[in-house]
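# the following block contains a protein sequence and its predicted model.
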Amino acid sequence: MPDQTPSTTANLSKSVLRQQALQNRADARKSLGEAVGQAILDHFLADVPRTSGASIAGYFPIRSEADPIPLMSELGQLGHTCALPRVTGADKALRFFRWTPGDKTDEGAFGTQVPVKKAAEIIPDILLIPLVAFDLNGFRLGYGGGFYDRTLEALRAKRPCLAVGIAYSVQEYDTLPQDVYDQPLDWVVTEKGSRRF
């Protein structure tokens with residue numbers, strides 16, 4: 001990823017940091033537009049390792065999240081099984097169900113779109129993860145529900161799962177507050193490039 005000056009978190013509470021990072025993300029989405037999806041696609045395909053036929057779970061973007069749908073569409077054409085998450089409970093790991101861009105969806109929790117009920121469940125090899133902010137050590141700040149941390153912990157307890165944050169470059173901070181249950185990312189891909197941790 002090209003050099004840039006990450007934002008500092010000195011003396012910022014988690015709630016203030018989250019508000020600041022969400023505003024940065026919204027501004028980036030507004031200024032960069034749809035070209036971000038193609039840039040993320042290009043950087044992911046060039047840099048992030050994946051095995052033939054790997055199953056890859058993404059997300060249907062809400063609010064101002066960086067859009068992984070162009071990437072998922074291309075991955076599907078390359079022979080990968082794609083999926084979207086479904087929330088099954090407040091303190092439970094996410095579950096993933098087969099979905100290809102263009103397939104029908106149902107309304108899910110928190111305004112998300114989820115695969116229809118008859119979709120087959122899969123266990124992903126690679127997880128594309130939305131985020132509010134990320135830092136130079138591979139940790140992320142989310143919305144505070146802990147869904148992805150619980151999910152990564154459960155997946156990684158069974159077998160390797162590559163965690164790839166999908167973001168705008170302005171979401172990068174030097175360090176973020178960490179809790180003991182936080183699961184690190186393996187990669188982050190933005191419109192400017194990719195970084196392995």
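Structure received. In this text, all values refer to a predicted model and were calculated from it rather than measured experimentally.
# touching, residue 20 and residue 14? I think so.
No: assessed by C-beta atoms under 8 Å, residue 20 is found out of contact with residue 14, at 10.8 Å. (C-beta placed from N, C-alpha, C; glycine too.)
# can you list the weak-confidence ranges in the chain?
For the chain, residues meeting the criterion pLDDT under 70 lie at 1-11.
# coming back round to it: give me the common contacts of residue 20 and residue 14.
With contacts defined as C-beta atoms under 8 Å, 6 or more residues apart in numbering, no residue is shared by residue 20 and residue 14.
# what about those two, which has more around it?
residue 20 (16 against 13; other C-beta atoms under 10 Å).
# which one is that one nearest to, not counting chain neighbours?
Spatial nearest neighbour of residue 20, excluding adjacent residues (C-beta to C-beta, 6 or more residues apart in numbering): residue 12 at 7.2 Å.
# thought residue 21 was touching the one you found, still the case?
No: between residue 12 and residue 21 there is no contact under C-beta under 8 Å: 9.7 Å.
# these two - which one has more neighbours?
Using other C-beta under 10 Å, the more surrounded residue of residue 12 and residue 21 is residue 21, with 24 against 17.
# now the spatially most central residue of the chain. Its backbone dihedrals?
Nearest to the mean C-alpha position of the chain, by C-alpha atoms, centre = their mean, lies residue 129 at 1.5 Å. Recorded main-chain torsions at residue 129 are phi -120, psi 130, according to degrees, to the nearest 10.
# you'd agree it is up against residue 167?
No: using C-beta under 8 Å, residue 129 is not in contact with residue 167; the gap is 9.1 Å.
# which ones are touching the residue lying closest to residue 181 once chain neighbours are set aside?
Spatial nearest neighbour of residue 181, excluding adjacent residues (C-beta to C-beta, 6+ apart): residue 149 at 5.4 Å. Residues near residue 149 by C-beta under 8 Å, 6+ apart: 142, 181, 182, 183.
# mind running it again at 7 Å?
Each residue near residue 149 by C-beta atoms under 7 Å, 6 or more residues apart in numbering is listed here: 181, 182, 183.
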